[in-house]
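Peer 1: Build me a model from this:
(2 chains)
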Amino acid sequence: GIQVEQSPPDLILQEGANSTLRCNFSDSVNNLQWFHQNPWGQLINLFYIPSGTKQNGRLSATTVATERYSLLYISSSQTTDSGVYFCAVVTSTSGTYKYIFGTGTRLKVLA
Amino acid sequence: NAGVMQNPRHLVRRRGQEARLRCSPMKGHSHVYWYRQLPEEGLKFMVYLQKENIIDESGMPKERFSAEFPKEGPSILRIQQVVRGDSAAYFCASSPLTGNEQFFGPGTRLTVL
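Peer 2: Predicted coordinates for the structure are as follows:
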């Protein structure tokens, strides 16, 4: 099956720093989504981005589907950005769509 | 417009008991997905349901686990005779159509003593 790899696995930043998180996938996908899982375990939708670039405040994402990767940019990081960032790719098998999650990047932002 | 609702948020069971997890999708969504997250891991797909139908259960363990999404009421994930290895966070997601963006509930954290 399709493999989804995220890097780096762990990241520690000083507040105010910028960072780039990467998601590589091994096969063509129908779509891709980025999530933030906060320290309380809640999953928050960040971007639904099959291709191109989207921006939302300090966050932006770029997916290059032909090269099978996506990037999540966090600028001017804040302590509330701490948590785990997951990418999930959407694959289709016999008309059924399902998400395959990466293993996540654990981010800690220090004050 | 309420989001995906799950209850209970926390559930404690002793080995051998049954666990029932409930999920109410977002209004207007007829597709429900269940995922399991073990500690320090990503989410793993379990099952995909539409009203009264199981569409894909390829991620469900073959024994003790079942899921339903009746015509009326929430989707239910049922785990019979729980074991310690069932301890995990169980997330439900919904979408209006298959292949569309999925929205996740807050999860149910199951602890088996």
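Peer 1: What segments of chain B are strands?
Peer 2: Listed in chain order, the strands of chain B (DSSP state E) span B:5-7, B:10-13, B:19-24, B:31-37, B:43-50, B:53-56, B:65-68, B:75-79, B:88-95, B:103-104, B:108-112.
Peer 1: Which helix or which strand is home to the nearest residue to residue A:99 once chain neighbours are set aside?
Peer 2: Once flanking residues are discounted, residue A:99 sits nearest to residue A:88: 4.2 Å by Cβ to Cβ, 6 or more residues apart in numbering or on different chains. For glycine as for every other residue, the C-beta is placed from the backbone atoms N, C-alpha and C. Counting by DSSP states H and E, the element that carries residue A:88 is strand A:83-93.
Peer 1: Give me the average confidence score over that strand.
Peer 2: When pLDDT is averaged along strand A:83-93, the result is 90.
Peer 1: which residues sit in contact with residue B:25?
Peer 2: By Cβ atoms under 8 Å, 6 or more residues apart in numbering or on different chains, residue B:25 lies in contact with B:4, B:31-32, B:75, B:92, B:94.
Peer 1: Where does pLDDT dip in chain A?
Peer 2: A:95 (pLDDT under 70).
Peer 1: partner residues bridging residue B:47?
Peer 2: residue B:34 (DSSP bridges).
Peer 1: hang on, isn't it packed against residue B:53?
Peer 2: No - Residue B:47 lies out of contact with residue B:53 (Cβ atoms under 8 Å); the separation is 11.2 Å.
Peer 1: Report the contact partners of the residue nearest the centre of chain B.
Peer 2: Central residue of chain B (Cα atoms, centre = their mean): residue B:34, 3.8 Å from the mean position. For residue B:34, the contacting residues are B:23, B:46-47, B:49, B:67, B:75, B:77, B:90-92, by Cβ under 8 Å, 6+ apart.
Peer 1: what do you get if the cut-off is 7 Å, keeping everything else the same?
Peer 2: B:46-47, B:67, B:77, B:90, B:92 (Cβ atoms under 7 Å, 6 or more residues apart in numbering or on different chains).
Peer 1: Next: residue B:48.
Peer 2: A:96, A:98, B:33, B:55-56.
Peer 1: Show me what from chain A comes close to chain B.
Peer 2: With Cβ under 7 Å from any Cβ of the partner chain as the criterion, chain A meets chain B at residues A:30, A:33, A:41-43, A:45, A:48, A:86, A:90, A:92, A:96-99, A:101-104.
Peer 1: Of those, which qualify as buried by neighbour count?
Peer 2: A:33, A:43, A:48, A:86, A:90, A:97-99, A:101-104 (16 or more other Cβ atoms under 10 Å in any protein chain shown).
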